[in-house]
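1. Predicted model and sequence below, questions to follow.
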Amino acid sequence: MDAEKIIKKARTQLVIKEPFFGYLANSLSLEEDDLLFPVGTDGQSIYYSEKLIEELDITVKEMEGTLVHEIMHLILKHTERRRTRSKMKWNIATDLVINSMLRDWGFELPDGILTEEEYSQESAEEVYNELPDFDETECPECGARDVRRKKLRVKGRNEGSKVLKGEAEFKCKKCGNEWKDEVDVIPSGNDGDGDKWEDVDIPPLDDHDLWQEGEIEENEWRRKVAEASNKAKMHGDMPSGLKRMVKDLVHPRIDWRRLLERYISAQDREEYTWKRPNRRYLSDDMYYPSLKSTKLEVAIAIDTSGSVSEEELKEFMSEVAGILDSVKNFRAELIACDTEVHAHETALTKQDFQNFMEICEGGGGTDFRPVFEELQNVYPDCLVYLTDGRGTYPQSKPMYDVVWVMNKDVPAQYEPPFGRKVVMGRCVD
């Protein structure tokens, strides 16, 4: 049976046995390609290598698991969660998580794929942190590791070896250099001796490089998942763990770090604004908008009443410093306050954040008003305030955005009268 027939039959079987995955698998078109792996997806199509599917002797049942593997990458949003992590290490971590899940759910997968039972209950980020670093393909011209594996010519196996050899074409995304090199399509491992990761070269099941090429339209994919979920309810059921993932995708909840990043990054642009008046005309009692410079200006306030732990303060400051570090040009007003302002420093680098944490002192009650008074002539793009929320709020809303990052939830009487509230350690809708 040729590869296309195997995939189509696998999709039909999924519709019958697993309608949720069957609906989603059939929503993706089929495209043959010279991939370095048997299959891959960009969120729009399933790409497959006729030669590799034939060479690896992938059965219909194994193809069912392979298609579900592709769909799970999309459901778990692995392409956007990678951020600045090592591509090779992230690819292996995501495959380990998904393959372990599929084993638990009773799916079959081709021989030789990466799987470890202990990872089925962990996130890709947690597995990534447990893995060693791997050698990644480097461009021989510029040394960059942002390399795309383009095409593969299967060459076969050496006598007595399980390792499938091939010649791959590579292209450097940084300098555009293209070259060819021999690769092991299926890593040999070390047959149980020594470090189990020692000889891992590349994950053998699917082509993750297609993630960067495709444009996964989030709302469209969310609609498909919602429709697939409804069909599954009518014809069967889904694993409990999958139900939770689908719910989070259809009704997404935002981690407080992502919300902070979204708020701060949204301010990093050049435009006219009424929030910061043009000072040139203020002396003439004329209020005109000013052109925001490319420098991002934010204020970071810390409640030093003793209600925020040192660990929470470090986590918060590290996250904010990391977000600002991705901005080309920023200025952050760092303010420590309990019932009065104890410290006010200006940060232009990540090191300034570390220096500020060393002088954060206080210990009294909590009053938020002094911080807003301190910023009366500063005009930040936004204020991010770390607190337990139990304090005295200002009566009037300022002209800039405010994000209250709370280390725990608060009773109704302490709800902020304005701004956006997020709770550390918890996602928000």
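-> Received it, and whenever you're ready, just let me know what you need. Numbering: from 1, shown residues only.

2. Residue 401 against residue 384, yeah?
-> No. Because the distance of 9.1 Å does not satisfy CB atoms under 8 Å, residue 401 is recorded as not touching residue 384. C-betas here are computed from N, CA, C, even on glycine.

3. Compare neighbour counts for those two and give me the winner.
-> Each of residue 401 and residue 384 had its neighbours counted (other CB atoms under 10 Å), and the higher figure belongs to residue 384 (26 against 20).

4. and the residue nearest to the more buried one when sequence neighbours are not counted, what element?
-> Nearest-residue entry for residue 384: residue 403, 4.8 Å, with adjacent residues in sequence omitted and distances by CB to CB, 6 or more residues apart in numbering. Element membership of residue 403, judged by DSSP states H and E, is strand 401-406.

5. what's that strand packed up against?
-> helix 256-266, strand 382-387, strand 420-423 (3 or more CB pairs under 8 Å, 6 or more residues apart in numbering; DSSP states H and E).

6. And these, which one averages the lowest pLDDT?
-> Confidence, taken as mean pLDDT, is least for helix 256-266 of those (a mean of 67).

7. how is this protein carved up into domains?
-> With automatic domain parsing serving as the domain definition, the record reports that the chain contains domains spanning 3-252, 255-428.

8. rewinding a little: and the angle for the strand holding residue 403 with strand 382-387?
-> On the basis of axes from the mean of the first three to the mean of the last three CA atoms, to 10 degrees, strand 401-406 is oriented at 20 degrees to strand 382-387.

9. Spell out which strands sit alongside strand 401-406 in the sheet and which way each one runs.
-> strand 382-387 (parallel), strand 420-423 (parallel) (DSSP bridges).

10. what's the offset of the shortest one from the middle of its chain?
-> Read it as strand 420-423. Distance of strand 420-423 from its chain centroid, counting by CA atoms, centre = their mean, to the nearest Å, is 20 Å.

11. what ranges do the strands span in the stretch 101-250 of the chain?
-> Counting by DSSP state E, counting those that start in this stretch, one finds strands in the stretch 101-250 of the chain at the ranges 147-157, 164-172, 178-184.

12. swap in the stretch 301-429 of the chain?
-> With DSSP E, counting those that start in this stretch as the criterion, the stretch 301-429 of the chain has strands spanning 330-337, 341-347, 382-387, 401-406, 420-423, 427-428.

13. Tell me which of the ones you listed sits nearest to residue 74.
-> Among the strands of the stretch 301-429 of the chain, the nearest to residue 74 by CB to CB is strand 427-428 (19.8 Å).

14. what pLDDT, on average, does the closest one get?
-> Averaged over strand 427-428, pLDDT sits at 51.

15. Offset the numbering so it begins at 196, please.
-> Right, with 196 as the first residue, what we last looked at is strand 622-623.

16. so what pLDDT did the nearest residue in space to residue 214 that is not next to it in sequence get?
-> Here the nearest residue to residue 214 in space, its sequence neighbours aside, is residue 430; by CB to CB, 6+ apart that works out to 4.5 Å. Here, the pLDDT recorded for residue 430 equals 72.

17. Let me know whether residue 430 touches residue 216 as I believe.
-> No. With contact defined as CB under 8 Å, residue 430 does not reach residue 216; the gap is 11.9 Å.

18. of the two, who's got more company?
-> The neighbour count for residue 430 versus residue 216, taken as other CB under 10 Å, is higher for residue 216 (26 against 15).

19. what helices or strands is the helix or strand the more buried one falls within leaning on?
-> Using DSSP H and E, residue 216 falls within helix 214-221. When contacts are defined as 3+ CB pairs under 8 Å, 6+ apart, helix 214-221 packs onto helix 198-212, helix 255-270, helix 413-430.

20. Report whether the expected contact of residue 211 with residue 217 is present.
-> Yes. Between residue 211 and residue 217 there is a contact under CB under 8 Å: 7.1 Å.

21. neighbour count winner among these two?
-> The residue with more neighbours, out of residue 211 and residue 217 and counting by other CB under 10 Å, is residue 217; that gives 25 against 10.

22. For the more buried one, give its distance to residue 200.
-> To residue 200, residue 217 is 17 Å away according to CB to CB, to the nearest Å.

23. With residue 560 instead?
-> Counting by CB to CB - residue 560 and residue 200 are separated by 73 Å.

24. Residue 533 now?
-> Distance from residue 533 to residue 200, by CB to CB: 71 Å.

25. Neighbour count for these two, which is higher?
-> Comparing residue 533 with residue 200 by neighbour count (other CB under 10 Å), the higher total belongs to residue 533, at 21 against 10.

26. Relative to residue 590, how far out is that one?
-> Applying CB to CB, the value for residue 533 to residue 590 is 20 Å.

27. what sits against the residue sitting nearest the centre point of the chain?
-> The chain has residue 276 as the residue nearest its centroid, 1.6 Å off, counting by CA atoms, centre = their mean. Residues touching residue 276, when contacts are defined by CB atoms under 8 Å, 6 or more residues apart in numbering, comprise 319-320.

28. repeat for residue 234
-> When the contact criterion is CB under 8 Å, 6+ apart, the partners of residue 234 are 241-244, 248, 261-262, 265, 400-402.

29. so what pLDDT did it get?
-> Listed pLDDT for residue 234 reads 91.

30. Could I get the phi/psi values of it?
-> Per-residue torsions, residue 234: phi -140, psi 170 (degrees, to the nearest 10).

31. next one: residue 240
-> Residue 240 adopts backbone torsions of phi -140, psi 160, taken as degrees, to the nearest 10.

32. go on, residue 304?
-> Backbone dihedrals for residue 304, given as degrees, to the nearest 10, come out at phi -130, psi 160.

33. Give me the nearest residue to it, chain neighbours excluded.
-> The spatially closest residue to residue 304, leaving aside those adjacent along the chain, is residue 260, at 4.4 Å (CB to CB, 6+ apart).

34. still on that earlier bit, let me know which of the strands of the stretch 496-624 of the chain is the nearest to residue 418.
-> If you check each of the strands of the stretch 496-624 of the chain against residue 418 by CB to CB, strand 622-623 wins as the nearest, at 21.5 Å.

35. on that earlier part again, deepest of the strands paired with strand 596-601, which one?
-> When you average the neighbours per residue for each of the strands paired with strand 596-601 (mean count of other CB atoms under 10 Å), strand 577-582 leads with a mean of 24.

36. Which ones among the contacts of residue 234 lie within helices?
-> Here DSSP state H is the test, and these give 248, 261-262, 265 as lying in helices.

37. And these, which is closest to residue 340?
-> Proximity of the ones in helices among the contacts of residue 234 to residue 340 was ranked by CB to CB; the top entry is residue 265 with 24.4 Å.

38. how near is the closest one to residue 509?
-> Taken as CB to CB, the spacing of residue 265 relative to residue 509 amounts to 39 Å.
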